[in-house]
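Asks: return a 3D structure for these sequence lines:
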Amino acid sequence: MASPSAKAMIEAVRSGKWDRPVILLYGKDALSVEKTADEIVGAVRSLEGSVQSVDGRRLRVGDLLDEIAQVSLFAQRRLFCLNGLPSKADGIEKIVGRVKEVPDTLLLIRVEGDQVDRIDRRLRWYKAIVRVGIALDEFKEVKEREVPGRIAELAGRAGLEIGDEAIRLLADRVGTNLVTARQELEKLSLYVYPSKRIEPSHIEEAVGRSREKMIFAITEGISGRNRGKALADLSELLRQGASGGAILALLARQARFLMQGRLFLRENPALRGVARSYPSFQSFFRKDFPSEWLDRFGSRRTNLFRQHPYVIYLHMNQALRFREGELFRLLGTLSKADRAIKTGAGSEQTVLFTAVAAASGGLP
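Replies: Next up is the predicted model:
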């Protein structure tokens, strides 16, 4: 049976004609996943059904199995929303089996962000879902060029006025994370109240840059031996509430990505010019990129070449500003900082500032 679109599925649920007991929604466009899940919840409630939300990351499978087995005295239709995957996804097989046995019960599994990388159509739990239900993966990763239009749409729905310059600035701050964009617009609506107009100055004052962009900015400072810039960007990231351990992990991932980019350019020196122009790089990546590099560094989380082409392009450009020896030393500095934090040799912030200062031009 062909899979319906998300819109057709929601209409079928709302009309009471939906007969598949399990729905899996997943994709990198977290906002669209969230919106579709909310519409399914609304459709069930419009039929006077009951809805129970469960945090998949903290799931105790046995407890949920017991909940599903209980017969509702107040609602003809029940919806269980599993938000995220448990650490051991095999338990989903048992949950799917139980839902299938209980009449008028629907299981909605919502997966977004980094957890999407755990979904593999070859796994038993995935196959268990599609045998009795449906898996929708139409929520593709948002492209950078799409973000301004999506922000304008979100602002319009919220009754806010925002010009092109402010949209560009907000897009630069949030990256492709549209859930964060919506949250920042909600915050900005309070910030400018009672006005409905959002100016660039409001975004400068109220919205921090995304963590990914801040990490990129810190390594830009390191590559340029600009200690002041690197430490200023690190201070801003800490003010946003990021922990020292989380920042260190992101910096280490960034350094590994840069090393992967540098190794690629060493083996393919003729491509240095291609890496300096995104249209040229995008064309090369789609048509001529050597496929063996896609699996050379593991899964998507650890592999630069499994990222979006624009992300790869940015990292390749930054990698050109480092020598291999500098990247090896940066990785060594971050490894020592990690050990220092774990052994209590200093506070997280002190260790981080010392590591970034050393990597970007020496201690003051």
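Asks: how far is the top strand by length along the chain from where the chain is centred?
Replies: As assigned by DSSP state E, the longest strand anywhere in the chain is strand 105-112. With Cα atoms, centre = their mean, to the nearest Å as the basis, strand 105-112 stands 19 Å off its chain's centre.
Asks: just want the angle from the following helix or strand past it to strand 105-112.
Replies: Beyond strand 105-112 on the C-terminal side, the first helix or strand identified by DSSP states H and E is helix 124-132. For helix 124-132 against strand 105-112, the angle by axes from the mean of the first three to the mean of the last three Cα atoms, to 10 degrees is 130 degrees.
Asks: what about helix 124-132, average pLDDT?
Replies: Helix 124-132 carries an average pLDDT of 93.
Asks: buried residues in that helix?
Replies: Along helix 124-132, the positions that meet the burial threshold by neighbour count (16 or more other Cβ atoms under 10 Å) are Trp125, Tyr126, Ala128, Ile129. (Glycine included, C-beta is placed from N, CA and C.)
Asks: for Ser5, see how far away the spatially closest residue to Gly224 that is not a sequence neighbour is.
Replies: For Gly224, the nearest residue in space outside its immediate sequence neighbours is Arg321; the separation is 7.2 Å by Cβ to Cβ, 6 or more residues apart in numbering. Spatial separation of Arg321 from Ser5 under the definition Cβ to Cβ, to the nearest Å is 45 Å.
Asks: these two: who's more crowded?
Replies: Here Arg321 and Ser5 are compared on neighbour count by other Cβ atoms under 10 Å; more neighbours surround Arg321, at 14 against 10.
Asks: pLDDT score assigned to the more buried one?
Replies: Note on Arg321: pLDDT of 88.
Asks: helices or strands up against the least confident helix or strand in the chain by mean pLDDT?
Replies: Least confident helix or strand of the chain, by mean pLDDT, DSSP states H and E, is helix 278-287 with a mean of 83. Under the contact criterion of 3 or more Cβ pairs under 8 Å, 6 or more residues apart in numbering; DSSP states H and E, helix 278-287 touches helix 309-319.
Asks: please save the CA atoms from the helix it packs on in PDB.
Replies: Output for helix 309-319, consisting of C-alpha atoms alone and laid out as PDB, is shown next (Å, rounded to 0.1, in the frame of the first residue of the first chain):
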ATOM      1  CA  PRO A 309      27.100  20.300   1.200                       C
ATOM      2  CA  TYR A 310      27.100  23.900   2.400                       C
ATOM      3  CA  VAL A 311      28.400  22.800   5.800                       C
ATOM      4  CA  ILE A 312      31.200  20.700   4.100                       C
ATOM      5  CA  TYR A 313      32.100  23.800   2.000                       C
ATOM      6  CA  LEU A 314      32.400  26.100   5.000                       C
ATOM      7  CA  HIS A 315      34.600  23.600   6.900                       C
ATOM      8  CA  MET A 316      36.800  23.000   3.800                       C
ATOM      9  CA  ASN A 317      37.300  26.700   3.600                       C
ATOM     10  CA  GLN A 318      38.200  27.000   7.200                       C
ATOM     11  CA  ALA A 319      40.500  24.000   7.000                       C
END
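Asks: got the angle between it and helix 278-287?
Replies: Here helix 309-319 runs at 120 degrees with respect to helix 278-287, directions being taken by the same axes, to 10 degrees.
Asks: buried residues of helix 309-319, list them for me.
Replies: If you call a residue buried by 16+ other Cβ under 10 Å, then helix 309-319 has these buried ones: Pro309, Tyr310, Val311, Ile312, Tyr313, Leu314, His315, Met316, Gln318, Ala319.
Asks: any idea how far Glu205 is from the closest residue to Asn303 other than its chain neighbours?
Replies: Counting by Cβ to Cβ, 6+ apart, Phe297 is the residue found nearest to Asn303 once chain neighbours are left out, at 4.1 Å. Using Cβ to Cβ, one obtains 40 Å as the distance from Phe297 to Glu205.
Asks: higher neighbour count, those two?
Replies: Phe297 (18 against 10).
Asks: check contacts around the residue positioned nearest the centre of the chain.
Replies: Among the residues of the chain, the one closest to the centroid is Gly113, at 3.6 Å (Cα atoms, centre = their mean). When the contact criterion is Cβ atoms under 8 Å, 6 or more residues apart in numbering, the partners of Gly113 are Lys28, Ala30.
Asks: look up the closest residue to Ile198, ignoring the ones flanking it.
Replies: Of all residues beyond its chain neighbours, the one nearest Ile198 is Ile162 (4.5 Å), with distances taken as Cβ to Cβ, 6+ apart.
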